[in-house]
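Student: Predicted model, plus sequence, below.
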Amino acid sequence: MEHILTRDVETRLSNLLGVDMEDDSNLFCHEVNVNVEPEPDFLPLTNLKEGKTAKVRIILENNEMTKTLEQAGLSPGNTILLKKSKGSSYDIETESTTLSLDEDIAAKIIVQN
């Protein structure tokens, strides 16, 4: 039950059982989380939802492709918009241009939503 208790249910059970709510060691659950877990802060571009903006944090490429992406405004610290993801193609908009990436490259771009 401890994973599904709301704060209200915990309080009522505690009162019913005579548990001291001021003593943390007596509480049923120390942190109540009844909401669905939020999306992760950092995720590959392939997991970003269409229409969402995100900040580029890491590009896991270390070659000429990285330089090309940076010239298009796709570098760590820049904000992008995922306009469309269709199959294995990802259309993104940077501050300076719009480009289309294949799934292999998009998976190597880690963004923060």
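Tutor: Noted; the coordinates are in hand. From a predicted model like this one, the values you see are computed outputs, not experimental measurements.
Student: how about the longest helix along the chain: buried residues?
Tutor: What stands out as the longest helix in the chain, according to DSSP state H, is helix 7-17. Within helix 7-17, the residues that count as buried by 16 or more other CB atoms under 10 Å are E10. For the C-beta atoms, the positions are set from N, CA and C on the backbone; glycine is no exception.
Student: correct me, but K55 touches Q112?
Tutor: Yes - the criterion here is CB atoms under 8 Å, and K55 meets it with Q112 at 4.9 Å.
Student: which residues are common contacts for these two?
Tutor: The contact sets of K55 and Q112 do not overlap (CB atoms under 8 Å, 6 or more residues apart in numbering).
Student: Whatever helix or strand I58 lives in packs against which elements?
Tutor: Here I58, judged by DSSP states H and E, is contained in strand 53-59. Applying 3 or more CB pairs under 8 Å, 6 or more residues apart in numbering; DSSP states H and E, one finds that strand 53-59 contacts strand 79-86, strand 109-112.
Student: Tell me which of those is the most buried.
Tutor: strand 109-112 (a mean of 20; mean count of other CB atoms under 10 Å).
Student: returning to what we had before: output the contacting helices and strands for whichever helix or strand comes after the longest helix of the chain.
Tutor: On the C-terminal side of helix 7-17, the nearest following helix or strand under DSSP H and E is strand 42-44. Counting contacts by 3+ CB pairs under 8 Å, 6+ apart, strand 42-44 packs against strand 109-112.
Student: Need the mean per-residue confidence for the strand it packs on.
Tutor: Per-residue pLDDT over strand 109-112 has a mean of 94.
Student: Adjacent strands (with direction) for it?
Tutor: Within its sheet, and counting by DSSP bridges, strand 109-112 is paired with strand 42-44 (antiparallel), strand 53-59 (antiparallel).
Student: Send me the longest helix of the chain as CSV with only the CA atoms.
Tutor: C-alpha atoms of helix 7-17 as CSV (Å, rounded to 0.1, in the frame of the first residue of the first chain):
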residue,chain,number,x,y,z
ARG,A,7,-1.2,12.1,1.9
ASP,A,8,-4.9,12.2,3.0
VAL,A,9,-5.1,8.4,3.3
GLU,A,10,-1.8,8.3,5.2
THR,A,11,-3.0,10.9,7.6
ARG,A,12,-6.3,9.1,8.2
LEU,A,13,-4.6,5.7,8.7
SER,A,14,-2.1,7.3,11.1
ASN,A,15,-4.9,8.9,13.1
LEU,A,16,-6.8,5.6,13.2
LEU,A,17,-3.8,3.7,14.4
